[in-house]
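Participant: Next one to model:
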Amino acid sequence: MDYLDQLESEAIHIMREVAGQFERPALLFSGGKDSITLVHLARKAFRPGKFPFPLVHIDTGHNFQEALDFRDWLANSLGERLIVRYVEDTIREKNLKEPTGRNASRNALQTFTLLDTIEEFEFDACIGGARRDEEKARAKERVFSVRDEFGSWDPKRQRPELWNLYNGRIHKGENVRVFPISNWTELDVWNYIQREKIALPSLYFAHERELLVRDGKLMATAGGVIKPEPDDQIVTRTVRFRTVGDISCTAASESQANTLDAVIAEIQATRISERGETRMDDQMSEAAMEDRKKGGYF
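Facilitator: Okay, here's the model as predicted:
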């Protein structure tokens, strides 16, 4: 078997395990390349039938419009149910304090909305597109990641996963986050996208865009999410986004890669992970991602 066939087979097996072991699973879908890959894998796992789970997006209100448009188009073209819940509504209903300051972001507040959505629909498993090569906290998380009734992740409670056997048994109120492409790398994802001819939002390919230079990072000015400060510089550059998250914490990379072949060649030459290069929320501290996971983050 080709190595991509092996990765695909493993991911499909994991998705079918979720369908078999859980009563009310969901697939977390943002319109980014990893969740788009998950949707493609779900098609292979369950077609010609319907997906045994809805697509769920936690919208911060600061997402790239290109990703939102693609999210809606893909859900409609597949005829699958899409549930969208908004961080803005959670801020208002729970009277949360929205972060302020130079690099303020709603990214961490997604946790409150996600946990409310899990409670609302009584989801017992949430499938996500996290991969071990992205970040060190994700590198040590299991494929079936048990979360307590508060959504918290405790690294000491992880279960062994020998011989591709996954234990989804949980107590009432707990849920499991499941990562079918955990063993994939960024390069694997792009090679698979190329092989399978998977469509992606235009953000992932080189395009000219107005940007704000802050702390050496190229940040999007779209939607007025990031407010320019006196020491910021507004420039126009040819860039692409390696990862697509909240506008407030996702930086662009200078690039001329406007085709799949060019993107793959660029990734083969890089020596830093996509989140390490472009995600400001992961650079707030050494344990930023792990701290968020312990609080219930994706």
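
Participant: mind listing the strands in this structure by residue range?
Facilitator: Counting by DSSP state E, the chain has these strands, from start to end: 25-28, 55-59, 82-86, 125-127, 144-147, 175-178, 207-214, 217-220, 233-240, 251-254.

Participant: What sits closest to residue 15 if chain neighbours are left out?
Facilitator: residue 45 (4.5 Å; Cβ to Cβ, 6 or more residues apart in numbering). All C-beta atoms are positioned from the backbone trio N, CA, C, and that covers glycine.

Participant: Local confidence estimate at the one you found?
Facilitator: Residue 45 is assigned 98 on the pLDDT scale.

Participant: cool, residue 109 as well?
Facilitator: For residue 109, pLDDT reads 85.

Participant: Give the buried residues for stretch 186-203.
Facilitator: Neighbour counts over stretch 186-203 (16 or more other Cβ atoms under 10 Å) mark 186, 188-193, 198, 200-201, 203 as buried.

Participant: so for it, what's the average pLDDT?
Facilitator: Mean predicted lDDT for stretch 186-203 stands at 96.

Participant: same question, stretch 4-22
Facilitator: Averaging pLDDT along stretch 4-22 yields 97.

Participant: Helices of the stretch 151-298 of the chain, start to end?
Facilitator: 186-196, 260-269, 274-278, 288-294 (DSSP state H, counting those that start in this stretch).

Participant: Show me what the first one packs onto, helices and strands only.
Facilitator: Going back to what we said before, that points to helix 186-196. helix 3-21, helix 33-46, helix 260-269 (3 or more Cβ pairs under 8 Å, 6 or more residues apart in numbering; DSSP states H and E).

Participant: That helix relative to helix 3-21, how many degrees between them?
Facilitator: 90 degrees (axes from the mean of the first three to the mean of the last three Cα atoms, to 10 degrees).

Participant: quick one, helix 186-196 and helix 33-46 angle?
Facilitator: Using the same axes, to 10 degrees, helix 186-196 lies at 50 degrees relative to helix 33-46.

Participant: Give me the distance between residue 243 and residue 11.
Facilitator: 19 Å (Cβ to Cβ, to the nearest Å).

Participant: Looking at those two, which is more packed in?
Facilitator: A count of neighbours by other Cβ atoms under 10 Å puts residue 11 above the other of residue 243 and residue 11, at 25 against 20.

Participant: Contacts only, for the more buried one.
Facilitator: The neighbours of residue 11, taking Cβ atoms under 8 Å, 6 or more residues apart in numbering as the test, are 38, 41, 180-181, 184.

Participant: could you redo the last one with a cut-off of 7 Å?
Facilitator: By Cβ atoms under 7 Å, 6 or more residues apart in numbering, the contact list for residue 11 reads 41, 180-181.

Participant: Next, format these as a markdown table and append pLDDT and distance to residue 79.
Facilitator: Listed next are the contacts of residue 11 as a markdown table, based on pLDDT from 0 to 100; distance: Cβ to Cβ, whole Å:
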| residue | pLDDT | distance to residue 79 |
| --- | --- | --- |
| 41 | 98 | 17 |
| 180 | 97 | 22 |
| 181 | 96 | 24 |
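
Participant: Looking at the strands of the chain, which is nearest to residue 260?
Facilitator: strand 233-240 (11.8 Å; Cβ to Cβ).

Participant: related to what we said a few turns ago, with distance to residue 162 added, can I get the helices and strands packed on helix 186-196 in a markdown table?
Facilitator: Shown next, in a markdown table, are the helices and strands packed on helix 186-196 (distance: least, Cβ to Cβ, whole Å):
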| stretch | distance to residue 162 |
| --- | --- |
| helix 3-21 | 14 |
| helix 33-46 | 23 |
| helix 260-269 | 31 |
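
Participant: With respect to burial, which of those helices scores highest?
Facilitator: Comparing those by mean neighbour count (mean count of other Cβ atoms under 10 Å), helix 33-46 ranks first with a mean of 21.

Participant: okay, the angle between it and strand 55-59?
Facilitator: Using the same axes, to 10 degrees, helix 33-46 lies at 170 degrees relative to strand 55-59.

Participant: how close does the closest residue to residue 55 other than its chain neighbours sit to residue 138?
Facilitator: Excluding its sequence neighbours, the residue lying closest to residue 55 (Cβ to Cβ, 6+ apart) is residue 29, at 4.0 Å. Going from residue 29 to residue 138 by Cβ to Cβ gives 18 Å.
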